[in-house]
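A.B. asks: sequence first, predicted model second:
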Amino acid sequence: MEKSVYKRVLLKLSGEALSGGDGVGLDFNVMTEVCGVIKKCVEAGCQIAVVVGGGNFWRGVKNGQGKMERSNADHMGMLATVMNAIALADVLNQTGVKAAVQTGVEMRTFADPYTQRDAERLLSEGTVVVFGGGTGSPYFTTDTGAVLRAVQIHADALLLAKNIDAVYSADPKKNPDAKRYTEISYGEMLEKKLMVIDLTATALAMDNNLPVELFGLSR
Ligand code: UDP
């Protein structure tokens, strides 16, 4: 088996990546596949932490705008990410991978609250740590949560699983002339407002020199 080039990574999985074709709910076949890949990486010697999104259940701004106060809508979004974290850790355990959930908001009956110390200890022991609840604060996204946790646990890189295989200057489905980037600086991403990850997340990654690798999650 090939040895992992990274010692420790943070994998960001959007809620959509855990759902079926319609982007809603959880598809356990897809999740089992994803967990199989994570297992191979763990066996190759890589320590893996995961930040899960919640868009397959609820996105604060998209689903609550005009109908709910923003913080309340975002609280619901964070709860959605915890549902995904619990499900992913469960499927990882079923796949034979040791996994634990930590939440950005305290809900001790379901999982331990996030602490950097416990997360780093679990990772060093070979446990996959799934972070739910994003940053624990409204007005943020799980992209920012992913960068934040990656920096806190001293990950070598943030791996972003997307439904697109690379960064493009425009949506390649709508614009066939869109430029495909094999590499791009944070500065250019910010300047061109290429929303690979949102602006807050990009700025935080830039401030902390966190390498971000994007790859397509093919179905
Ligand atoms: N959210 C939040 N603070 C965070 C992370 C997430 O308030 O630190 C809320 C926000 O409402 C967001 C929702 O949780 O829309 C789900 O997260 P996200 O949209 O990032 O999920 P993804 O698109 O990755 O599935």
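C.D. replies: Sure, I can see it.
A.B. asks: burial count for Lys162?
C.D. replies: Lys162 is flanked by 18 other residues according to other CB atoms under 10 Å. Every residue, glycine included, has its C-beta placed from N, CA and C.
A.B. asks: how far away is it from Gly216?
C.D. replies: Separation of Lys162 from Gly216 (CB to CB, to the nearest Å) stands at 6 Å.
A.B. asks: get me the contact residues on this protein for the ligand.
C.D. replies: Residues of the chain lying close to the ligand by CB under 6 Å from any ligand atom are 14-16, 53-55, 59-60, 74, 77-78, 80-81, 134-135, 137-138, 140-143, 145.
A.B. asks: low-confidence stretches in the chain?
C.D. replies: Within the chain, the stretches with pLDDT under 70 are 1, 218-219.
A.B. asks: helices along that one, start to end?
C.D. replies: 28-43, 60-64, 70-94, 116-124, 142-152, 186-191, 199-207 (DSSP state H).
A.B. asks: need the contact list for Leu122.
C.D. replies: By CB atoms under 8 Å, 6 or more residues apart in numbering, the contact set of Leu122 is 100, 129.
A.B. asks: how many neighbouring residues does Ala89 have?
C.D. replies: 25.
A.B. asks: next one: Leu158
C.D. replies: Around Leu158 there are 25 residues (other CB under 10 Å).
A.B. asks: gap between it and Phe215?
C.D. replies: In terms of CB to CB, Leu158 sits 11 Å off from Phe215.
A.B. asks: Met83 now?
C.D. replies: 25 Å.
A.B. asks: my guess is Phe131 meets Val105, correct?
C.D. replies: No. Between Phe131 and Val105 there is no contact under CB atoms under 8 Å: 11.2 Å.
A.B. asks: pick out whichever of those two has more residues nearby.
C.D. replies: Taking neighbours as other CB under 10 Å, Phe131 and Val105 compare with Phe131 leading, 30 against 17.
A.B. asks: in the sheet, who's paired with that one?
C.D. replies: Val51, Gln102 (DSSP bridges).
A.B. asks: tell me who's in contact with the residue of the chain positioned farthest from its centre.
C.D. replies: The C-alpha centroid of the chain is most remote from Asp177, which lies 29.1 Å away (CA atoms, centre = their mean). Shown in contact with Asp177 (CB under 8 Å, 6+ apart): Ala170.
A.B. asks: for it, grab phi and psi.
C.D. replies: phi -90, psi 0 (degrees, to the nearest 10).
A.B. asks: next one: it from the ligand, what distance?
C.D. replies: 27 Å (CB to the nearest ligand atom, to the nearest Å).
A.B. asks: repeat for Asn93
C.D. replies: 22 Å.
A.B. asks: hang on, that residue packs against Ala100?
C.D. replies: No. The pair Asn93 / Ala100 is not scored as a contact, 9.3 Å apart, by CB under 8 Å.
A.B. asks: of the two, give the one with the bigger neighbour count.
C.D. replies: When Asn93 and Ala100 are compared for neighbours, Ala100 comes out ahead with 19 against 14, by other CB under 10 Å.
A.B. asks: for the helices of the chain, which one sits closest to Glu2?
C.D. replies: Nearest of the helices of the chain to Glu2, taken as CB to CB: helix 28-43 at 9.7 Å.
A.B. asks: show me the contact partners of that closest one.
C.D. replies: When contacts are defined by CB under 8 Å, 6+ apart, helix 28-43 is touched by residues 1, 4, 9, 11, 13, 17-20, 48, 50, 87-88, 91-92, 94-97, 126, 128, 217, 219.
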